[in-house]
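[1] structure here, sequence nowhere to be found:
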DNA sequence: TAGATTGTTAATCGATTAACAATC
DNA sequence: TAGATTGTTAATCGATTAACAATC
């Protein structure tokens, strides 16, 4: 088993987008080469770990010099798959949906919302940015026609599971769920439940700890 | 050092909200007692790990019986600090801000948005739910008056760091940042950067892997 | 060449899991 | 009591870090 075929730990994959952010920043500033110590300081990662992480993908720095910034940007984008554009289907044209559609970070990383779906007939047919809001019944057809592989769920909690099931049936590969319920998907679909409450509860613990709240 | 004074690993804290969700569900269904095997199956956590996690807080189940559902709900809420209500300051009254203010999950877990701030004078003075949108210049005063300790940043990326700095100066303890930039805070402030793009990039990797895209 | 920084080995650390005596 | 399930020990696993020879 060659090193670049070894299974890559999930922690490594989670750190790649962080590296990418820092590297894009460096590239904008015209920096052509970066040492693991500097990139580590920028991202809060131990330099040894950073070198090891990059090693998983067989990416080579130059001893005594460091890593080539543009080259590493390209490499990480290729590893993550963000070196080409991805079409997103957005389900839910409420406040959250509008916020997502408008989100600049998405376009910068090659994500383009190419279809928006809604249940509410008053919204169907209206514009959202360059797109016309479609009825959710068209979901399967449009997803297939446009060969969309990523779905973003931004509907009320009651509707989240049924929308998710439709996306799965339509053959989508990745679902990002922003509804405040956990949804379930088959094993072959990649799911990310984004629950702000869970994040808040999690940080809350550290708040109490910081303030030294007695537990008795 | 007694076991309940040992430092609790971060992974444990991250799992607590998941346990809490499942337990609340069980409680709604009138289940009074649950074994680690069942709760583990519901949450995707190994039963042994679950028992160990609860052990960190000195919480005791009953051998041969399991864990008391309402008791465990109370205990986890107390550990996380969600056994009493928390006031939130929301900064940014755009689409994202509106979505957050309306988010039901928050109120269910004791989080109440009690102040909304905006930069845009056209929005200042308007209503959002029961609240009047305030100008961001009032932030420090209102946060101090209402003794708010949690701030949620939902402003455009350019404004995120300066808003964060104001929150820090106002003495806030926890900041949830939903703007698509990393912001920096002093060590004594708990920060959570919620970057949807990072989540997307991360899931994207698994999509390519699933589809067996060749890397050469 | 001399200085810098990598790639990688070995050591450390911590988290996860299996197993089982204790006990409800 | 017999069956069930905990709390906890010991074993495993994997990730992180320090250290340094290789090398630009």
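    Yep, that arrived. Only a predicted model underlies this, so the values are computations on that prediction, with no experimental measurement involved.

[2] what residues sit buried inside the helix or strand hosting residue A:88?
    Using DSSP states H and E, residue A:88 maps to strand A:86-91. By 16 or more other CB atoms under 10 Å in any protein chain shown, the buried positions in strand A:86-91 come out as A:86, A:88, A:89, A:90, A:91. To be clear about C-beta, it is placed using only N, CA and C from the backbone, and glycine gets the same treatment.

[3] can you tell me which of these comes closest to chain B?
    Chain B has its nearest neighbour among the buried residues of strand A:86-91 in residue A:86, at 7.1 Å by CB to the nearest CB.

[4] so residue A:41 lies in a helix, does it not?
    Yes - counting by DSSP: H, G, I helix; E, B strand; the rest coil, residue A:41 falls inside a helix.

[5] and the helices in chain A?
    For chain A, the helices defined by DSSP state H cover A:10-28, A:36-43, A:47-55, A:69-80, A:95-102, A:104-108, A:139-146, A:157-169, A:196-210.

[6] okay, these in a markdown table with distance to DNA strand D and mean pLDDT next?
    Shown next, in a markdown table, are these (distance: least, CB to the nearest atom of the strand, whole Å; pLDDT from 0 to 100):
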| stretch | distance to DNA strand D | mean pLDDT |
| --- | --- | --- |
| helix A:10-28 | 4 | 92 |
| helix A:36-43 | 9 | 94 |
| helix A:47-55 | 4 | 94 |
| helix A:69-80 | 14 | 93 |
| helix A:95-102 | 30 | 91 |
| helix A:104-108 | 25 | 83 |
| helix A:139-146 | 34 | 96 |
| helix A:157-169 | 28 | 95 |
| helix A:196-210 | 18 | 81 |
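
[7] got JSON lines for the ones you listed, with mean neighbour count too?
    As requested, those are arranged in JSON lines below (neighbours: other CB atoms under 10 Å in any protein chain shown):
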{"stretch": "helix A:10-28", "mean neighbour count": "18"}
{"stretch": "helix A:36-43", "mean neighbour count": "17"}
{"stretch": "helix A:47-55", "mean neighbour count": "16"}
{"stretch": "helix A:69-80", "mean neighbour count": "19"}
{"stretch": "helix A:95-102", "mean neighbour count": "21"}
{"stretch": "helix A:104-108", "mean neighbour count": "15"}
{"stretch": "helix A:139-146", "mean neighbour count": "15"}
{"stretch": "helix A:157-169", "mean neighbour count": "18"}
{"stretch": "helix A:196-210", "mean neighbour count": "20"}
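
[8] which bits of chain A sit near DNA strand C?
    The interface of chain A toward DNA strand C, taken as CB under 7 Å from any atom of the strand, is made up of A:3, A:35-37, A:47-48, A:51-52, A:54-55, A:59-67.
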